[in-house]
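this one's sequence-less:
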């Protein structure tokens, strides 16, 4: 199964401390300074939507956001444009982009250290119901996810939970047994 439109969500450590309105000028700076590989276009503020997309940095190939889907606040990377290569290549690209975005938010002084990835919980999912309906999964896809996270984390100490609701997007939630070293994960992805 060839998977495209990979999304990654990194859950925040202390969501109550986060003030989403602070993201708007930060995301505008990302556009002005061209800090991402993708072409970034605009910022959309959806804070008023309950359990919604939050604040979105809209791009041509991908979007970055801090969203509250499923009432879980996290940093989300949404790849919209198709990528060549294997599923593993696409997983690596999406996780790498999400982690780079996370590092930018964590280190931005204007955000006061409130945007912190909890270093253990990651959701990787496919934002394309036609390509990957959530109506059962082949064993090969589960093995592909397990192999990818073994390589990315550098160890096999994690749990995977696949979304079982057919109305949800196809994907997996991963919980690492120990906090992840972002630099180590990024190095293993390249």
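Received, thanks. Only a predicted model underlies this, so the values are computations on that prediction, with no experimental measurement involved.

quick one: residues in contact with the longest strand that the chain contains.
In the chain, assigned by DSSP state E, the strand with the most residues is strand 117-126. Residues outside strand 117-126 that contact it (C-beta atoms under 8 Å, 6 or more residues apart in numbering) are 3-13, 74-75, 91, 94-95, 102, 106, 132, 145, 163, 169-176, 178-180, 182. Backbone N, C-alpha and C define where each C-beta goes, glycine included.

next, the buried residues of the helix or strand of the chain with the lowest mean pLDDT.
When each helix and strand of the chain is scored by mean pLDDT, DSSP states H and E, helix 139-153 comes last, with a mean of 91. In terms of neighbour count (16 or more other C-beta atoms under 10 Å), helix 139-153 has its buried residues at 141, 144, 145, 148, 149, 152, 153.

quick one, what contacts the last one?
Contact criterion C-beta under 8 Å, 6+ apart gives 176, 180, 185, 188 as the residues in contact with residue 153.

let's see that with 10 Å instead.
122, 174, 176, 177, 178, 180, 181, 184, 185, 188 (C-beta atoms under 10 Å, 6 or more residues apart in numbering).

narrow these to those that are buried.
122, 174, 176, 180, 185.

and the fourth one, that's in a helix?
No - the assignment for residue 180 is coil, going by DSSP: H, G, I helix; E, B strand; the rest coil, so no helix is present there.

pretty sure it is touching residue 152, no?
Yes - contact criterion C-beta atoms under 10 Å: residue 180 and residue 152 qualify, at 8.8 Å.

coming back round to it: what angle sits between the longest strand of the chain and helix 139-153?
150 degrees (axes from the mean of the first three to the mean of the last three C-alpha atoms, to 10 degrees).
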